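Chemist: below are the sequence and a predicted model for it; my questions follow.
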Amino acid sequence: MIRRVVVVGGGTMGHGIAQVSAMAGCETTLVDTAEPLVEAALGRVRANLDKGVDRGKVEAAARDEALRRLRGGTDAEAAAADADLVVEAVPERFDLKADLLARLAAAAPAGALLGSNTSSLSIGDLQDAVGDAAPRVVGLHFFNPVHIMALVEVVRGPRTADATVEAGVAWARALGKDPIVVNDAPGFASSRLGIALGLEAMRMLEQGVASAADIDKAMELGYRHPMGPLRLTDLVGLDVRLDIARYLHETLGTETFRPPAILERLVAEGRLGQKTGHGFYDWNET
Ligand code: NAD
């Protein structure tokens, strides 16, 4: 039974994972690298929950209890010392995640689960970094925005124990999510398809096939996607999608995943999507 959870990385995903964890009754610690980042992440959780209360979707008492169960910190290893589950949601860089998971494996209790919110990286390669803790490593891939999206991909690495997969599925269900179990393959089930669509939309934009808004509308109205691939890329973060595209291009070796020049350029210019105000769209106007 998972009661004490540590979420490492309080960005787009981490604050949301901490929010749903605290709402589901888990004592939750949200860790980032510096106090102002922790405060910002906790502030985002408070704002989300306040909005939920205003809209009648969250009881005020449930919000207050969740906020009581949620604390912040800057020392991931200290926070992990009595955790049942540690979930990392730091940027999509293999070395960063591998080093962090190795330190967390050493700091957490011997039975603690080690979850990664990676969108694409090999769980097997991450398992190589944690020695004897490999059976307790599992992919827990949430979707953005975490408090709204129902899917969690539970990714079984080559050495993940069945009990770890079962515990991951049970925790996702306890959060009110609808999990699927996926074997370890680059990009899993969701990112591989989603990134292929997003990168092709960018190439079409580069080639002048249509405007960003019209390419998105083609998928929204023609295929009933709730959001077109370029707007979705703005929401996810262009930097996040570039990291995933590079990794999939490297590991799967197909041209489908070669990052388009427009994506490289926008990221180099700091146009990372909604979080910076500009990406394929100008978010200050919407
Ligand atoms: P983000 O850049 O918004 O947040 C990352 C956070 O991690 C930042 O607050 C950063 O300060 C913090 N961080 C960096 N190094 C750290 C460390 N050593 N210890 C503690 N905190 C540290 O990134 P994100 O979009 O939340 O993505 C995080 C992970 O989730 C990535 O693996 C990404 O692929 C995955 N993911 C992202 C999305 C999405 O839509 N953005 C969806 C699903 C999965």
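Modeler: Ah, there it is. Numbering: from 1, shown residues only.
Chemist: for the stretch 151-286 of the chain, what lies in contact range of the ligand?
Modeler: By the rule Cβ under 6 Å from any ligand atom, the part of the stretch 151-286 of the chain lying against the ligand is Val236, Gly237, Val240. Where you see a C-beta, it was placed from the backbone N, CA and C, and this is true even at glycine.
Chemist: pull the number of nearby residues for the last one.
Modeler: Each residue near Val240 was counted by other Cβ atoms under 10 Å, and the total is 22.
Chemist: list the contacts of the closest residue to it other than its chain neighbours.
Modeler: Nearest residue to Val240, sequence neighbours excluded (Cβ to Cβ, 6 or more residues apart in numbering): Glu92, at 6.1 Å. Glu92 is in contact with Thr118, Ser119, Ser120, Leu121, Val240, Asp243, Ile244, Tyr247, counting by Cβ atoms under 8 Å, 6 or more residues apart in numbering.
Chemist: just the ones of those residues in helices?
Modeler: Where those overlap with helices, as defined by DSSP state H, the overlap consists of Val240, Asp243, Ile244, Tyr247.
Chemist: for the residue in the stretch 151-286 of the chain positioned nearest to the ligand, give me phi and psi.
Modeler: Using Cβ to the nearest ligand atom, Val236 is the residue of the stretch 151-286 of the chain that sits closest to the ligand, at 3.7 Å. Val236 adopts backbone torsions of phi -70, psi -40, taken as degrees, to the nearest 10.
Chemist: what helix or strand is the residue nearest to it when sequence neighbours are not counted on?
Modeler: Beyond its immediate neighbours in the sequence, the residue positioned closest to Val236 (Cβ to Cβ, 6+ apart) is Asn144, lying 6.0 Å away. When elements are defined using DSSP states H and E, Asn144 is found to belong to no helix and no strand.
Chemist: what's near enough to touch Asn144?
Modeler: Under the criterion of Cβ under 8 Å, 6+ apart, the neighbours of Asn144 are Thr12, Met13, Gly16, Leu235, Val236.
Chemist: now, among these, which is nearest to Asp184?
Modeler: Each of those was scored against Asp184 by Cβ to Cβ, and Met13 proved nearest at 19.6 Å.
Chemist: surely the closest one and His147 touch.
Modeler: No - between Met13 and His147 there is no contact under Cβ atoms under 8 Å: 11.0 Å.
Chemist: of the two, who's got more company?
Modeler: In this view Met13 and His147 are compared by other Cβ under 10 Å, and Met13 has more residues nearby, 25 against 21.
Chemist: how many neighbours does the residue lying closest to that one once chain neighbours are set aside have?
Modeler: With Cβ to Cβ, 6+ apart as the criterion, Met13 has its nearest non-adjacent residue at 4.4 Å, and that residue is Ala89. For Ala89, the tally of surrounding residues (other Cβ under 10 Å) stands at 28.
Chemist: now swap in the one 10 residues further on and tell me
Modeler: Other residues within reach of Asp99, judged by other Cβ under 10 Å, total 13.
Chemist: output the below-cut-off pLDDT ranges for this protein.
Modeler: Within the chain, the stretches falling below the threshold (pLDDT under 70) are 286.
Chemist: nearest to the ligand: which residue in it?
Modeler: Nearest to the ligand, among the residues of the chain, is Gly11, at 1.8 Å (Cβ to the nearest ligand atom).
Chemist: help me confirm that that residue is found in a strand?
Modeler: No - inclusion of Gly11 in a strand is not indicated when DSSP: H, G, I helix; E, B strand; the rest coil is applied; the result is coil.
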